[in-house]
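Undergrad: No letters, just coordinates:
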């Protein structure tokens, strides 16, 4: 919200207060007429013609104000003219209903408090000055006989000439008007002060929000540039790395001639380092595709068993090198059918098994088990590795996260594997979570929905995703 908007909002609020004053005036007119009628039923002899004159004047002026306040541009003098005319009408009603003995004397207080709250700070002093002037003039004119005094209650017909009563009543009313002016003005000033402070805070928040939006837009642009750079750089690096891989492979397989032991060892180390670079490039490319929405899926309905058997077979040589027992228990065969992208789910599960092999010490154990539970197929991968520190567990599925304890024992690694796995499982409408105790091991669990119970959900979800892509 801009400052101009705040000013427009303040203007609209002021106009609403003015329009509300018109409604209040109608309400007061109704109350005066009703009370006058009610009092006459109990023997009060009000000068009804005078009351009707006052009420008619109030109605006419209210209709004019109703039209004026409905317009966008309101001249500043109208509210203040309204204050003067309101006081005149109140004095007129007081005159025709008994003057100093009128039951409508509290209207002066109502006028002061109401206008002080609904209008500006200047309204209070104006009301007090005009009200006391009209009030004093009325009683003086009635006392001197220049205005007829109407006696609604014949019990004390000369009360308007009782100076002690006039002094007491007049003093009390003036004091009440002064107190009402001060108190209502104080409330208004306090509210205005709070409004100004809030407006200032709001203005600061607007500036801060604008700065935040600018910075956020800049960060988005930088993030996009970073993603594009990683994508381009990764593609450019993968081609020469692949060429190096196959060249080293030919040397390792002695296709170009025999190698001595030292040469063979150097070639193997070079090949392994090149493989790690390729894995890093692949991880970066996968993250880039995920963030850009280009990590596409091709789902098929099949058993998870052959995917897991292939994965275990691929990792056997690594497990044997570290003397780790890598066991697979498929449970009850055949397993229920799930809907998966074969390559993507293989990658997601492979990242978990890779971590288990990396961070399980020599002679450790890794168990891969599968078990159907209700509407899901639960895959558990448990190891006896180093575990994850409790204070770092909330960040496990974040990009580039690696626990402090594993960095010391395994310096190589991108920290992207579990981020990719988490995204893959989510796209399969599954769940992934873990339990870990530092120094004892970690258990990862992957839950995939069964086709039998989830076909309708899959169809609806795919249709929604397709619609969003088309949009």
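TA: Done, it's in. All values reported here derive from a predicted model rather than from experimental measurement.
Undergrad: which sections of the stretch 51-200 of the chain are below the confidence cut-off?
TA: 69, 71-77, 114-121, 152-192 (pLDDT under 70).
Undergrad: and the strand or helix carrying residue 85, which residues are buried?
TA: Per DSSP states H and E, residue 85 falls inside helix 77-96. Of all the residues in helix 77-96, those buried under the rule 16 or more other C-beta atoms under 10 Å are 79-80, 82-83, 85-96. (Glycine included, C-beta is placed from N, CA and C.)
Undergrad: Tell me, how many residues neighbour residue 265?
TA: Around residue 265 there are 11 other residues, counting by other C-beta atoms under 10 Å.
Undergrad: Just list what the helix or strand where it lies packs against, helices and strands only.
TA: Residue 265 is located in helix 261-292, with elements delineated by DSSP H and E. If you count contacts as 3 or more C-beta pairs under 8 Å, 6 or more residues apart in numbering; DSSP states H and E, helix 261-292 packs onto helix 163-252, helix 417-427.
Undergrad: what is the rounded mean pLDDT of that helix?
TA: The average pLDDT for helix 261-292 rounds to 82.
Undergrad: returning to what we had before: just the buried residues of helix 77-96 now: which is nearest residue 446?
TA: Minimum distance to residue 446 across these is 71.3 Å, recorded for residue 79 (C-beta to C-beta).
Undergrad: pretty sure that closest one is touching residue 126, no?
TA: No - taking contact to mean C-beta atoms under 8 Å, the distance of 9.9 Å between residue 79 and residue 126 leaves them out of contact.
Undergrad: Give me the helices and strands touching whichever helix or strand residue 128 is part of, please.
TA: Taking DSSP H and E as the criterion, residue 128 maps to helix 123-143. Applying 3+ C-beta pairs under 8 Å, 6+ apart, we find helix 123-143 packed against helix 77-96, helix 106-118, helix 163-252.
Undergrad: relative orientation of that helix and helix 77-96 in degrees?
TA: 30 degrees (axes from the mean of the first three to the mean of the last three C-alpha atoms, to 10 degrees).
Undergrad: Can you give me the buried ones in stretch 337-353?
TA: With burial defined by 16+ other C-beta under 10 Å, the residues of stretch 337-353 counted as buried are 338-341, 344-353.
Undergrad: what's the average pLDDT for it?
TA: In this model, stretch 337-353 carries a mean pLDDT of 94.
Undergrad: Identify the residues contacting it?
TA: Identification of contacts with stretch 337-353 by C-beta atoms under 8 Å, 6 or more residues apart in numbering yields 286, 295, 297-304, 307-308, 310-312, 314-315, 366, 368, 377, 379, 381, 417-418, 420-421, 424-425, 427-428, 444, 446, 448-452, 454, 458.
Undergrad: Which among those count as buried?
TA: Looks like those have 286, 295, 299, 302-304, 307-308, 311-312, 315, 366, 368, 377, 379, 381, 417-418, 420-421, 424-425, 427-428, 444, 446, 448-451, 454, 458 buried, using 16+ other C-beta under 10 Å.
Undergrad: Can you flag which of those belong to helices?
TA: Filtering the buried ones among the contacts of stretch 337-353 for membership in helices, criterion DSSP state H, returns 286, 307-308, 311-312, 315, 417-418, 420-421, 424-425, 427, 451, 454, 458.
Undergrad: Give me the domain ranges for this protein.
TA: 3-161, 225-292, 300-470 (automatic domain parsing).
Undergrad: right, and those - which one's nearest residue 202?
TA: When the domains of the chain are ranked by proximity to residue 202 (C-beta to C-beta), domain 3-161 comes first, at 7.0 Å.
Undergrad: The nearest residue to residue 451 once chain neighbours are set aside and residue 374: what is the separation?
TA: Across the structure, with C-beta to C-beta, 6 or more residues apart in numbering as the measure, the residue nearest residue 451 apart from its sequence neighbours is residue 337 (4.6 Å). For residue 337, the distance to residue 374 equals 15 Å [C-beta to C-beta, to the nearest Å].
Undergrad: what's the answer for residue 389, then?
TA: Counting by C-beta to C-beta, the gap from residue 389 to residue 374 is 33 Å.
Undergrad: Between the two, which is the more surrounded one?
TA: More neighbours sit around residue 389 than around the other of residue 389 and residue 374, counting by other C-beta under 10 Å; the figures are 14 against 8.
Undergrad: Which secondary structure state is assigned to residue 385?
TA: At residue 385, secondary structure determined by DSSP: H, G, I helix; E, B strand; the rest coil is coil.
Undergrad: I'd say it and residue 360 touch.
TA: Yes - taking contact to mean C-beta under 8 Å, the distance of 3.8 Å between residue 385 and residue 360 places them in contact.
Undergrad: Which residues are in contact with each of these two?
TA: Shared contacts of residue 385 and residue 360 (C-beta under 8 Å, 6+ apart): residue 441.
Undergrad: These two: which is more packed in?
TA: Higher neighbour count among residue 385 and residue 360: residue 385, with 25 against 22, using other C-beta under 10 Å.
Undergrad: Assign a three-state SS to residue 150, would you?
TA: Looking at residue 150 with three-state DSSP, the answer is coil.
Undergrad: what about it, how many neighbours?
TA: Residue 150: 19 surrounding residues under other C-beta under 10 Å.
Undergrad: thought it was touching residue 100?
TA: No - with contact taken as C-beta under 8 Å, residue 150 and residue 100 are classed as non-touching, separated by 11.1 Å.
Undergrad: Need the residues touching each of those two.
TA: Residues touching both residue 150 and residue 100 do not exist when contact is defined as C-beta under 8 Å, 6+ apart.
Undergrad: Tell me how far the residue nearest the centre of the chain lies from residue 216.
TA: Nearest residue to the geometric centre of the chain (C-alpha atoms, centre = their mean): residue 209, 13.4 Å. Noted for residue 209: a distance of 10 Å to residue 216, by C-beta to C-beta.
Undergrad: Do you have the strands of the stretch 351-471 of the chain handy? List them.
TA: Assigned by DSSP state E, counting those that start in this stretch, the stretch 351-471 of the chain shows strands spanning 365-373, 376-383, 431-437, 441-449.
Undergrad: could you dump these to TSV with distance to residue 323 and mean pLDDT?
TA: As requested, those are exported to TSV (distance: least, C-beta to C-beta, whole Å; pLDDT from 0 to 100):
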stretch	distance to residue 323	mean pLDDT
strand 365-373	10	94
strand 376-383	14	95
strand 431-437	23	95
strand 441-449	16	96
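Undergrad: For these, please prepare CSV with the additional fields distance to residue 333.
TA: As requested, the strands of the stretch 351-471 of the chain are arranged in CSV below (distance: least, C-beta to C-beta, whole Å):
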stretch, distance to residue 333
strand 365-373, 10
strand 376-383, 13
strand 431-437, 24
strand 441-449, 17
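Undergrad: among those strands, which is nearest residue 204?
TA: When the strands of the stretch 351-471 of the chain are compared (using C-beta to C-beta), the closest one is strand 431-437, at 42.5 Å.
Undergrad: Relative to the closest one, what are the paired strands and their orientations?
TA: Using DSSP bridges, the strands paired with strand 431-437 are strand 441-449 (antiparallel).
Undergrad: which residues touch the partner strand?
TA: By C-beta under 8 Å, 6+ apart, the list of residues contacting strand 441-449 from outside reads 304, 338-340, 345, 348-349, 352, 356, 360, 373, 375-385, 387-388, 425, 428-436, 457-458.
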